[in-house]
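Undergrad: Provide a 3D model corresponding to the input given below.
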Amino acid sequence: MRFRFVKVLLLLAAAGCGEAPKAQRLTLEEVPESVMTIAREKLPEVKFDQAIRKSDGVYEVSGKDSRGKVREIEISPDGEIVEIE
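TA: Model prediction:
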């Protein structure tokens, strides 16, 4: 009985050891120019200052508009706009 309990605990611990890929913070220079071009076209009033590549490959580029409001745009690697906030 005790051996079975230890075995189950070890299996559960091993299953929980894997990590999901995380988002990666990028400099604006690391973002593909095609993605930045789309971001600038869709949000021309925004001065972009941050970028993240999510685990699914989507780029999230953010910055502030002239009123100081934070704006974000998410763009897939193939240039499709996922979301604008």
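Undergrad: Could you pull up phi and psi at the residue positioned nearest the centre of the chain?
TA: For the chain, the residue nearest the mean C-alpha position is residue 54 (2.4 Å; CA atoms, centre = their mean). The phi/psi pair for residue 54 (degrees, to the nearest 10) reads phi -80, psi 170.
Undergrad: now do residue 48
TA: With angles defined as degrees, to the nearest 10, residue 48 sits at phi -70, psi 140.
Undergrad: which residues does the nearest residue to it once chain neighbours are set aside form a beta bridge with?
TA: The shortest distance from residue 48 to any non-neighbouring residue, by CB to CB, 6 or more residues apart in numbering, is to residue 63 (3.8 Å). C-beta coordinates here come from the backbone N, C-alpha and C atoms, glycine included. Per DSSP bridges, the residues bridged to residue 63 are residue 48, residue 71.
Undergrad: What is the burial count for residue 63?
TA: 19 (other CB atoms under 10 Å).
Undergrad: List the residues that contact it.
TA: With contacts defined as CB atoms under 8 Å, 6 or more residues apart in numbering, residue 63 is in contact with 43, 46, 47, 48, 49, 50, 70, 71.
Undergrad: Also residue 50?
TA: Contacts of residue 50 (CB under 8 Å, 6+ apart): 25, 28, 61, 62, 63.
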